[in-house]
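**Q** Next one to model:
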Amino acid sequence: MVEVVDGYLLGTFMLIFTLGMYELFVSDIDEAHGSETSSKIFMIVI
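**A** This is a model prediction of the structure:
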């Protein structure tokens with residue numbers, strides 16, 4: 001049971017980290033800038 005939760009948390013962290021690195025170095029994520037209800041995680045202001 002602990003291994004399943006650990007895998008889920010690691011996968012969630014990796015997804016958030018990769019989306020942040022993609023937006024920071026490659027391109028803006030248009031869905032984050034076009035929606036008012038978007039998550040604050042995607043709203044990286046440089």
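**Q** Residue ranges in the chain under the pLDDT threshold?
**A** Applying pLDDT under 70 to the chain flags the ranges 28-46.
**Q** the helices in it, which residues?
**A** 2-25, 30-34 (DSSP state H).
**Q** want to throw those into CSV with mean neighbour count?
**A** (C-beta placed from N, C-alpha, C; glycine too.) Putting those into CSV (neighbours: other CB atoms under 10 Å) gives the following:
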stretch, mean neighbour count
helix 2-25, 10
helix 30-34, 11
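**Q** Roughly how far does Leu9 sit from Ser27?
**A** 27 Å (CB to CB, to the nearest Å).
**Q** That should have said Leu10, apologies.
**A** For Leu10, the distance to Ser27 equals 25 Å [CB to CB].
**Q** now swap in Leu19 and tell me
**A** Counting by CB to CB, the gap from Leu19 to Ser27 is 11 Å.
**Q** Can you tell me how far Leu19 is from Leu9?
**A** Leu19 is 16 Å from Leu9, by CB to CB.
**Q** ok, now Met21?
**A** 19 Å.
**Q** need the contact list for Val5.
**A** By CB atoms under 8 Å, 6 or more residues apart in numbering, no residues touch Val5.
**Q** Relative to Thr12, how far out is it?
**A** 11 Å.
**Q** Please apply the same query to Asp6.
**A** If you measure Asp6 against Thr12 using CB to CB, the figure is 11 Å.
**Q** and what of Leu19?
**A** Taking CB to CB, one finds Leu19 at 11 Å from Thr12.
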